[in-house]
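Visitor: Quick check, what structure comes out for this input:
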Amino acid sequence: MTPEEPDDAGTLWRAQTPENAQPNSEEMRRAVEQMERKMRRGTIDFVVAMVLTSAAIVWIAVEFRHPLLTVGAIVALAGLAFLVFEVLQHRRRAPVAENGAAASIEFHRDLLQHCLEFHRKRLWLRVLTLAPGGVLFFLGFAAARPDVAALIYVELATFVLIIMLIVPVNRRAAAKLECQIANLTSLGEEPGAQ
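Guide: Model (predicted):
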């Protein structure tokens, strides 16, 4: 991104002068396309991370056979599959511009609102689908490998900490999105904005 190119819609409209109060549709289109690319790339990165995590879980479960480890791996894989399903379903429900219409404040706001919904809805369900499988997996891994159990318990504690941080991190992301939506709403209400 070049220094003169705006990084979001808010910057675009704040840079407007009274003589040039009408938002440039090409600049707005670029800002929305950048947001869509970022969302698409985030989805791809997430799916790749989940596939690699799943492969590691399967490899560990096959390599160090133990009943608790196997059950933990199955439950963890089910939780990861549900999480991937949630992310992909959310991405499919993203708003799209009508017939290639010019990007607008409303469309940008709709995209942000769509992202906000993901951080608010079914959050505890996602946490509860991940937590039991991960805990069982680490306990089973420690039982299968007692020689490195202390290290595995540290990994389990890290996993529990990460699970506990999911809610506050999502709430912070939701607050940031709410602020961006409020900024776009105020921009849309300014005279001369469309």
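Visitor: Please count neighbours and contacts with C-alpha atoms only from this point.
Guide: OK.
Visitor: Can you pull up the most central residue in the chain?
Guide: Nearest to the geometric centre of the chain sits residue 42, at 6.7 Å (C-alpha atoms, centre = their mean).
Visitor: That one and residue 87: what is the separation?
Guide: Distance of residue 42 to residue 87, given as C-alpha to C-alpha, to the nearest Å: 10 Å.
Visitor: what's the answer for residue 96, then?
Guide: Relative to residue 87, and taking C-alpha to C-alpha, residue 96 is found at 17 Å.
Visitor: List the buried residues for stretch 70-90?
Guide: By 16 or more other C-alpha atoms under 10 Å, the buried positions in stretch 70-90 come out as 70-84.
Visitor: Which of those fall within helices?
Guide: Among the buried residues of stretch 70-90, the residues falling in helices (DSSP state H) are 70-84.
Visitor: quick one: contacts for residue 178?
Guide: 113, 116 (C-alpha atoms under 8 Å, 6 or more residues apart in numbering).
Visitor: State the pLDDT value of it.
Guide: Residue 178 is assigned 89 on the pLDDT scale.
Visitor: Now name the helix or strand holding it.
Guide: helix 149-189 (DSSP states H and E).
Visitor: burial of residue 158, as a residue count?
Guide: 12 (other C-alpha atoms under 10 Å).
Visitor: Low-confidence regions, the protein specifically.
Guide: Across the chain, the ranges flagged by pLDDT under 70 are 1-25, 28, 97-104, 187-194.
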